[in-house]
Structures are given as structure tokens and as C-alpha cells.
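In: Sequence and predicted structure below; questions after.
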Amino acid sequence: MNEMLYLFCIVPLIVILLQRNRNNSWVAQYINNKYRKEIRIMIEAVKKFIDIECIVYLFNGQNVRGIIQEVTDHSLMIKTKTGYELINLDFVIRIQEKRKKSAI
């Protein structure tokens, strides 16, 4: 009798745990797919600024001035006055084209 009682208690717990793992993997997959889509959109937007002098604003308040040379899956290569810099696209907030001041 005790064995049957244990069986009726353990089987529902196993089913609940299996269902919970399945739900967690679905959520992780959804977030990962959404992240990939946002990165692709960002890469396509940044490609419009290649070979243009820009100011790249980062999330910590810093900014980088230079000419955008190359865009890869997760990074941005910028040629600055001192050399080249690689910036992770996850940290980029805004990219602004640097305009020359007009002589008045």
C-alpha cells in the first residue's frame, strides 16, 4: 500500500518538472530569436554609415568619433585619429553623422 502511495505522489511531480523544463526552454528560445532579429536590424542600419565620419554614442556616456570601416555580427570597427577601435554593438545607443560646420 505504501508503494502505491509513493507512486501516486512521485509521478505527478515528475510530470510537473518535465513540463516546467519544456516551458523554460521555449522562453529562452523566444528571447534568443528576438535578440537575433534586433541585432540584424542594427547591423543593417549601421551599414549605411560605412565610410562616413560619425560619432558613436555608448551606453556609459562615452562617445567615439571616427570613420566607420566595417560592421560584423557583433562589432563595429572605427578608424579614429589614434588608430582603430572595435566596439560591441550591444553597447551602442546612437550613431550620428558628423557634419562639418558651414562657413558663414
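Out: Done, it's in. Values in this document were obtained by computation on a predicted structure and should not be read as measured data.

In: you'd agree residue 84 is up against residue 77?
Out: Yes - with contact defined as Cβ atoms under 8 Å, residue 84 counts as touching residue 77 (6.1 Å). In short, each C-beta sits where N, CA and C put it, glycine included.

In: what do those two both touch?
Out: residue 69 (Cβ atoms under 8 Å, 6 or more residues apart in numbering).

In: Give the buried residues for the longest strand along the chain.
Out: Within the chain, and with DSSP state E defining each element, the longest strand by residue count is strand 63-71. Of the residues in strand 63-71, 64, 66, 68, 71 count as buried by neighbour count, 16 or more other Cβ atoms under 10 Å.

In: Ignoring the adjacent residues along the chain, who's closest to the first one?
Out: So that's residue 64. The shortest distance from residue 64 to any non-neighbouring residue, by Cβ to Cβ, 6 or more residues apart in numbering, is to residue 56 (4.6 Å).
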